[in-house]
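Visitor: Mind looking at a prediction? Sequence and model below.
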Amino acid sequence: MVDRLDSLESATYRSREVAELTGVTLRQLQWWDEQGLVSPMQSGHCRLYTGFEVQQVVLIKSLRNKGMSLRKIRPWLEQLSPRQVADALSLNGRGKDVYLLTDGERVYLEGTPERVIRRIGDSELPLTTMCISDLHCSLDQDRASRKSVRSAAHKGGKPAARSDSRSMAGARSLK
């Protein structure tokens, strides 16, 4: 089984790939980097994002689409670590959903709809909820297709066609 933390931190994506995967513009990615929200590695003039940073981009985009300001997003984004996400995804297993919930002050990762409902019921503040396991599955599929492209190229064959299922811009989210 693939180590979830390894898959979140080892794969790298160029800015253009992140834009294609997430539906975020290149300028928006640059702005979020300048603001210190998502700061990928630099290789010359190229930004290289880890899988975790791609997840952060999708989360920021989704929360911005729901009207949350960057000022509100920043503190909880700093609470979320690659290890927490990897652990939540590993504990839940394949085919099961992991949900991120935030009230703008705290971040929660829950693995069952029952726990999500309980968390919502216990919260004094409104919660924004989204499924992050879909996002991780999309990254895993993209990573697998990249490996098949590389291995075909090394064997002298034609690269495998990339599927159109790469878009994570439509990752499920709950209100």
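Guide: Arrived safely, thanks for sending. Treat the numbers as computed from the prediction; the structure is a model and nothing was measured. Numbers count the residues shown, from 1 in each chain.

Visitor: What's the end-to-end length of stretch 17-26?
Guide: 10 Å (C-alpha to C-alpha, to the nearest Å).

Visitor: mind listing the helices for this protein?
Guide: Using DSSP state H, the helices of the chain run over residues 4-9, 15-22, 26-34, 51-65, 70-79, 82-92, 113-122, 133-154.

Visitor: which one of those helices has the lowest average pLDDT?
Guide: Confidence, taken as mean pLDDT, is least for helix 4-9 of the helices of the chain (a mean of 50).

Visitor: For L109, give me the pLDDT.
Guide: Per-residue confidence (pLDDT) for L109: 86.

Visitor: Y108 against R119, yeah?
Guide: Yes. At 5.7 Å, Y108 and R119 qualify as touching, with contact defined as C-beta atoms under 8 Å. For glycine as for every other residue, the C-beta is placed from the backbone atoms N, C-alpha and C.

Visitor: I'd say S133 and K96 touch.
Guide: Yes. Using C-beta under 8 Å, S133 makes contact with K96 at a distance of 6.9 Å.

Visitor: more crowded one of those two?
Guide: Higher neighbour count among S133 and K96: S133, with 22 against 11, using other C-beta atoms under 10 Å.

Visitor: so what's the more buried one up against?
Guide: 89, 92, 96-98 (C-beta atoms under 8 Å, 6 or more residues apart in numbering).

Visitor: Would you mind measuring from it to H45?
Guide: Remark: distance between S133 and H45 (C-beta to C-beta, to the nearest Å) = 34 Å.

Visitor: next one: R106
Guide: Distance of R106 to H45, given as C-beta to C-beta: 37 Å.

Visitor: Among those two, which residue is more densely surrounded?
Guide: Using other C-beta under 10 Å as the criterion, R106 and H45 rank with R106 on top: 13 against 6.

Visitor: Is that one in contact with P75, as I believe?
Guide: No. Counting by C-beta under 8 Å, P75 is not a contact partner of R106; they are 9.2 Å apart.

Visitor: Name the residues contacting each of those two.
Guide: Going by C-beta under 8 Å, 6+ apart, no residue sits against R106 while also sitting against P75.

Visitor: Count residues in the vicinity of V54, would you?
Guide: V54: 27 neighbours (other C-beta under 10 Å).

Visitor: Okay, it and E110: tell me how far apart.
Guide: 21 Å.

Visitor: Likewise for T50?
Guide: For T50, the distance to E110 equals 23 Å [C-beta to C-beta].

Visitor: Check C46 too.
Guide: Using C-beta to C-beta, C46 is found at 36 Å from E110.

Visitor: quick one, which of those two is more surrounded?
Guide: Taking other C-beta under 10 Å, C46 and E110 do not tie; E110 has more neighbours (20 against 12).
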